[in-house]
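S.K.: Give me the fold of what follows.
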Amino acid sequence: MRNWLKELNGKTVDKIYQVDFNENRQEDFYLPWLFFVTFIDFGKFLEIEGDFDGERIKVNLYDNSQLDNKIKENNLIDLPDCWRVYDTKQDEMIGQFLGQRIEFVEYGIDKKEFEIDKIKIEGQENIFNFIRFNCEKINLTIFEGSATGLGVSDDPNVKLNFEETFDKYDTR
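M.R.: So this is what the prediction gives:
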């Protein structure tokens, strides 16, 4: 199911679009809910979406022909206090990813079954917990850090919520 992530090995990041909640995102305490990542000489873009419970992310790879429509449906500039689409700048945390060549991708997927406070819980084996892009100059992790949006970290040892509930995989 996740073999399509291997397609990202060797690709270079071109642009990153962030979907953020507020008109003035620099003063907004909400983090972006959605990223669209495009690549040089690759006919697909990556969509990384947070959820409202702060536990999981959705990751999909789409044909570039769908990008304009995805941007339009998330760029609600005429409605007050709604989502806007912004271009990522190089000086932002996720902006460090611009122009980087992906060597391999790591990701976490829910375990089939796990235990929290002595209660057995069925996992959702098709749900991502994080995605980490390993490049020559940076290892960038995108994760659902809280109910305020997607977290981004360049710390290779970033502490992820509920680490015992998911298995780690990579595209090497």
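S.K.: Please point out which parts of stretch 99-112 sit buried.
M.R.: Within stretch 99-112, the residues that count as buried by 16 or more other Cβ atoms under 10 Å are 100, 102, 104-111. The way it works is simple: take the backbone N, C-alpha and C, and place the C-beta from them, glycine included.
S.K.: per-residue confidence averaged over it?
M.R.: Mean per-residue pLDDT for stretch 99-112: 92.
S.K.: same deal with stretch 161-172?
M.R.: The average pLDDT for stretch 161-172 rounds to 85.
S.K.: Between the two ends of it, what distance do you get?
M.R.: This stretch, stretch 161-172, spans 24 Å end to end (Cα to Cα, to the nearest Å).
S.K.: As PDB, could you dump the C-alpha coordinates of the strand or helix carrying Val59?
M.R.: Using DSSP states H and E, Val59 falls within strand 57-63. Taking Å, rounded to 0.1, in the frame of the first residue of the first chain, the C-alpha atoms of strand 57-63 are listed here in PDB:
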ATOM      1  CA  ILE A  57      -1.800  12.500   9.400                       C
ATOM      2  CA  LYS A  58      -3.000  11.500   5.900                       C
ATOM      3  CA  VAL A  59      -0.300  11.300   3.200                       C
ATOM      4  CA  ASN A  60      -1.300  11.000  -0.500                       C
ATOM      5  CA  LEU A  61       0.600  11.200  -3.800                       C
ATOM      6  CA  TYR A  62      -1.400  12.900  -6.600                       C
ATOM      7  CA  ASP A  63      -0.900  13.700 -10.200                       C
END
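S.K.: and that strand, which residues are buried?
M.R.: Buried residues in strand 57-63, defined by neighbour count with 16+ other Cβ under 10 Å: 57, 59.
S.K.: Each with direction, which strands does the helix or strand bottoming out on mean pLDDT in the chain pair with?
M.R.: Counting by mean pLDDT, DSSP states H and E, the weakest-scoring helix or strand in the chain turns out to be strand 113-116, with a mean of 77. Sheet pairing of strand 113-116 (DSSP bridges) gives strand 119-122 (antiparallel).
S.K.: hmm, who's touching the partner strand?
M.R.: 112-115, 165 (Cβ atoms under 8 Å, 6 or more residues apart in numbering).
S.K.: Could you measure from Glu164 over to Ile116?
M.R.: Distance, Glu164 to Ile116, by Cβ to Cβ, to the nearest Å: 8 Å.
S.K.: Low-confidence regions, the chain specifically.
M.R.: 1-2, 21-32, 51-55, 80-82, 123, 125, 145-149 (pLDDT under 70).
S.K.: one more time with 50, if that's ok
M.R.: Residues of the chain that meet the criterion pLDDT under 50 lie in 29.
S.K.: Report the beta-bridge partner residues of the most centrally placed residue in the chain.
M.R.: Residue closest to the mean C-alpha point of the chain, counted by Cα atoms, centre = their mean, is Ile48 at 3.7 Å. With DSSP bridges as the criterion, the beta-bridge partners of Ile48 are Phe35, Val59.
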